[in-house]
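Visitor: the sequence isn't on hand, but the structure is:
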């Protein structure tokens, strides 16, 4: 039930090569002119709301969501559903609270949005540093997981082949970001979402058909084969081994809800909308697409447990990252027809494309921030051609270390890296954006305290969690320097991020707060109402 035929492996390999060739060709054809910054950074805001919404959803649904969240559903049942719903809630919060102000305040990067009311190179450098710190771990997860995924699908186990896959795919992703810019990566995200939703929906329908279209029968069968009975359908299984399972779960959900949608590769899509109405419609499409996919992975995750059992899934991968593929194979039964092999190939290709598109967008976001926020601000009259060259060189400067680090962490648990990215988003980026966009008295010192202080608390607490050491599934299972009692540091770091922003503003003094209030009032109409979309200053 869990092995893949030689026919399916051969078809998957051919499909992977075809997708890589086609998508690279798309990037070359849609790539920007050599001196057109708006085209490179925003694609001229030329995408329709539906296509932009699909691109946002594509950025948001990474391989960690497809494989990791499905694995949590398959192994932990109810807790996995809560995690999946939290991802949708995070995007809804972005839509209702931050999407329009972000689009109005920014131009190309998160640094633009923060510097709208607090100009200064220090603000931009801090924004770039947090962008790199939040996205680099997610890039490592995607790249390192790719080697394991391809080995699982294609049936090879040599470490050198896995490393070769990571290097080859990393080079491909750097090419996407450097050549295609925003428009090229958007087209890849759209293609990915169409394939992911289409193939996933068919697998979910086939799973439900195996249980006579009765979701209750599916859930009961999954609970029966989970090995834990009714506990599979109740809260607490995911963090049962921790000291404070309830608080652990709350901390984890807060990190996902507050941190997931504010990561820079997601928020940069807000700047591709041409107006407030377009950003609202784009976000509506994005939320609808993500909600539909959450429904799909819920059915597929429970289907994996019901069809092959929780023990088999954990045996294939302790984190459950292969559950999506195992369910896609198991739903066909013992004899697989040519049509079913084609469908399985579509599933594997969609996952392959998910990895490519996700990392390409993250590299692009980091490269844009380096070029626009750090290097371009040093030279007042830097031409568009030179800044675009800087962005492309920055893509290489970000991508190469990511590839090297991914080859080094490929044999360790990657869950700490996912948690690190989301917690940094929730503890540093979310409070900085909320305060900057809505608090009139917020000062430059408060902003820097938020970004630096929130990040520092996360980086200080994360090594002490049981995701890093002290458990058989941690990144360092043979070591034990676990001193922090929670799996995710969000319970401490998220309030700390907001507190640092408030303290930094208070310490700045009343005079500076009043000055910042006047500066905010001068741009309040642009930020909150979008009265006019001004070009961002390079200050």
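Guide: Perfect, thanks for sending it. Everything numeric here is computed off the predicted structure, so don't read it as measured data.
Visitor: which residues of the stretch 351-500 of the chain fall in helices?
Guide: 384-409, 415-424, 430-438, 444-461, 490-508 (DSSP state H, counting those that start in this stretch).
Visitor: which among those is found nearest to residue 230?
Guide: helix 415-424 (26.3 Å; C-beta to C-beta). (Glycine included, C-beta is placed from N, CA and C.)
Visitor: contacts for the helix or strand hosting residue 223?
Guide: If you go by DSSP states H and E, residue 223 is part of helix 215-225. The contact list for helix 215-225, computed with C-beta atoms under 8 Å, 6 or more residues apart in numbering, reads 77, 207-208, 211, 229-230, 232-233, 299, 302-303, 305-306, 308-310.
Visitor: give me the buried entries from those.
Guide: Buried subset of those (neighbour count, 16 or more other C-beta atoms under 10 Å): 77, 207-208, 211, 232-233, 299, 302-303, 305-306, 308-310.
Visitor: tell me where the stretch 101-250 of the chain has helices.
Guide: 110-115, 121-154, 159-175, 181-210, 215-225, 245-259.
Visitor: out of those helices, deepest packed?
Guide: Between those, helix 110-115 has the highest mean count of neighbours, a mean of 28, where neighbours are mean count of other C-beta atoms under 10 Å.
Visitor: compute the mean per-residue pLDDT across that one, please.
Guide: Averaged across helix 110-115, the pLDDT comes to 85.
Visitor: which strands or helices does it pack on?
Guide: helix 99-105, helix 121-154, helix 264-267, helix 430-438 (3 or more C-beta pairs under 8 Å, 6 or more residues apart in numbering; DSSP states H and E).
Visitor: closest to residue 412 out of the contacts of helix 215-225?
Guide: For the contacts of helix 215-225, the residue nearest residue 412 by C-beta to C-beta is residue 310; the value is 23.1 Å.
Visitor: quick revisit: can you lay out the helices and strands packed on helix 110-115 as TSV showing mean pLDDT and distance to residue 254?
Guide: Shown next, in TSV, are the helices and strands packed on helix 110-115 (pLDDT from 0 to 100; distance: least, C-beta to C-beta, whole Å):
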stretch	mean pLDDT	distance to residue 254
helix 99-105	83	20
helix 121-154	85	16
helix 264-267	89	18
helix 430-438	91	10
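Visitor: out of those helices, which comes closest to residue 160?
Guide: Here helix 121-154 is closest among the helices and strands packed on helix 110-115 (C-beta to C-beta), at 10.3 Å.
Visitor: measure residue 517 to residue 443 for me?
Guide: 9 Å (C-beta to C-beta, to the nearest Å).
Visitor: same deal with residue 460?
Guide: On the measure of C-beta to C-beta, residue 460 and residue 443 end up 24 Å apart.
Visitor: of the two, which one has the most company?
Guide: When neighbours are counted by other C-beta atoms under 10 Å, residue 460 and residue 443 differ, and residue 443 comes out ahead with 25 against 13.
Visitor: thought that one was touching residue 516?
Guide: Yes - counting by C-beta atoms under 8 Å, residue 516 is a contact partner of residue 443 at 4.8 Å.
Visitor: what's the pLDDT at residue 485?
Guide: At residue 485, pLDDT is 85.
Visitor: what do you get for the one 3 residues further on?
Guide: Residue 488 carries a pLDDT value of 89.
Visitor: and residue 51, how many neighbours?
Guide: 18.
Visitor: wait, what's in contact with it?
Guide: Neighbour list for residue 51: 186, 190 [criterion: C-beta under 8 Å, 6+ apart].
Visitor: next SSE after the lowest-mean-pLDDT helix or strand in the chain?
Guide: In the chain, no helix or strand scores lower on mean pLDDT, DSSP states H and E than helix 37-42, which sits at a mean of 69. Beyond helix 37-42 on the C-terminal side, the first helix or strand identified by DSSP H and E is helix 49-60.
Visitor: mind listing what's buried in that next one?
Guide: Buried residues in helix 49-60, counted by 16+ other C-beta under 10 Å: 49, 51, 52, 53, 54, 55, 56, 57, 58, 59, 60.
Visitor: now the fourth one: closest residue in space, sequence neighbours ignored.
Guide: With C-beta to C-beta, 6 or more residues apart in numbering as the measure, residue 285 is the residue that lies nearest to residue 53, at 2.5 Å, once sequence neighbours are left out.
Visitor: on that earlier part again, what's the angle between the helix holding residue 223 and helix 181-210?
Guide: Relative orientation of helix 215-225 and helix 181-210, computed by axes from the mean of the first three to the mean of the last three C-alpha atoms, to 10 degrees: 90 degrees.
Visitor: ok, and for stretch 421-440, which residues are buried?
Guide: Buried, per 16+ other C-beta under 10 Å, within stretch 421-440: 421-437, 439.
Visitor: find the residues that touch each one of residue 443 and residue 516.
Guide: Counting by C-beta under 8 Å, 6+ apart, the residues touching both residue 443 and residue 516 are residue 118.
Visitor: quick check: phi and psi on residue 331?
Guide: Residue 331 adopts backbone torsions of phi -70, psi -20, taken as degrees, to the nearest 10.
Visitor: so how far is residue 196 from it?
Guide: Taken as C-beta to C-beta, the span from residue 331 to residue 196 is 17 Å.
Visitor: report the two of the contacts of helix 215-225 separated the most.
Guide: Among the contacts of helix 215-225, 208 and 229 lie farthest apart (C-beta to C-beta), at 22.7 Å.
Visitor: model confidence for residue 87, exactly?
Guide: 90.
Visitor: quick one: contacts for residue 47?
Guide: Residue 47 neighbours (C-beta under 8 Å, 6+ apart): 55, 183, 186, 272.
Visitor: so which of those is the closest to residue 327?
Guide: residue 55 (27.1 Å).
Visitor: contact partners for the residue lying closest to residue 520 once chain neighbours are set aside?
Guide: With sequence-adjacent residues excluded and distances taken as C-beta to C-beta, 6+ apart, residue 520 is closest to residue 440, at 4.7 Å. By C-beta under 8 Å, 6+ apart, residue 440 lies in contact with 516, 517, 520, 521, 524.
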